[in-house]
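*Asks:* Build me a model:
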Amino acid sequence: MNRINFARCSGVVVDVCKGHGTWFDRDELHEIVEFIRSGGLDVSRQKEKREIEYQREQLRTEQMLSGPRSDLLGFYGSDEDRIGGLSAARGLLKFLIE
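*Replies:* Reported below is the predicted structural model:
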């Protein structure tokens, strides 16, 4: 069995068995229901969406930096490259602030 924090942020740690399902200790199911009713699941989904977008921005930045360069002094590339870099910076700031 593995112990997993429900929704990765609920604070309710449940026991999960791949072969037999999820096991709840006393009051855990009630705590999960309260977490969901209070909007915790929606908050968790929004955090996950932000993390995915951040990872996409990081990948774009890495791809841009690993692409061909016209010289060793740091050619900035096209307007599209600059916009991508700004977008990646924006994603990083959002991630750090929230």
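
*Asks:* Contacts only, for Leu41.
*Replies:* Residues in contact with Leu41, defined by C-beta atoms under 8 Å, 6 or more residues apart in numbering, are Ala7, Phe35. Quick note: C-beta positions are derived from backbone N, CA and C, even for glycine.

*Asks:* That one and Lys18, how far apart?
*Replies:* The spacing between Leu41 and Lys18, counted by C-beta to C-beta, to the nearest Å, is 23 Å.

*Asks:* for Ile32, same thing?
*Replies:* Using C-beta to C-beta, one gets 20 Å for the distance from Ile32 to Lys18.

*Asks:* Could I get the full set of helices for this structure?
*Replies:* Per DSSP state H, the chain has helices spanning 28-37, 40-66, 79-97. These are given in chain order.

*Asks:* which regions of this structure lie under the pLDDT threshold?
*Replies:* In the predicted model of the chain, residues 67-86, 88-89, 91-98 satisfy pLDDT under 70.

*Asks:* Outline the domain layout of it.
*Replies:* 2-37, 44-97 (automatic domain parsing).

*Asks:* got the buried residues for the shortest one?
*Replies:* I take that to be domain 2-37. Residues of domain 2-37 classed as buried under the neighbour-count rule (16 or more other C-beta atoms under 10 Å) are Phe6, Ala7, Ser10, Val12, Val14, Glu28, Glu31, Ile32, Phe35.

*Asks:* between the residues you listed, which is closest to Glu62?
*Replies:* Distance from Glu62 was checked for each of these by C-beta to C-beta. The minimum falls on Ala7, at 29.0 Å.

*Asks:* The closest one contacts Gly40, correct?
*Replies:* Yes. Counting by C-beta atoms under 8 Å, a contact exists between Ala7 and Gly40, whose distance comes to 6.5 Å.

*Asks:* so what's in contact with the two at the same time?
*Replies:* In terms of C-beta under 8 Å, 6+ apart, Ala7 and Gly40 are not both contacted by any residue.
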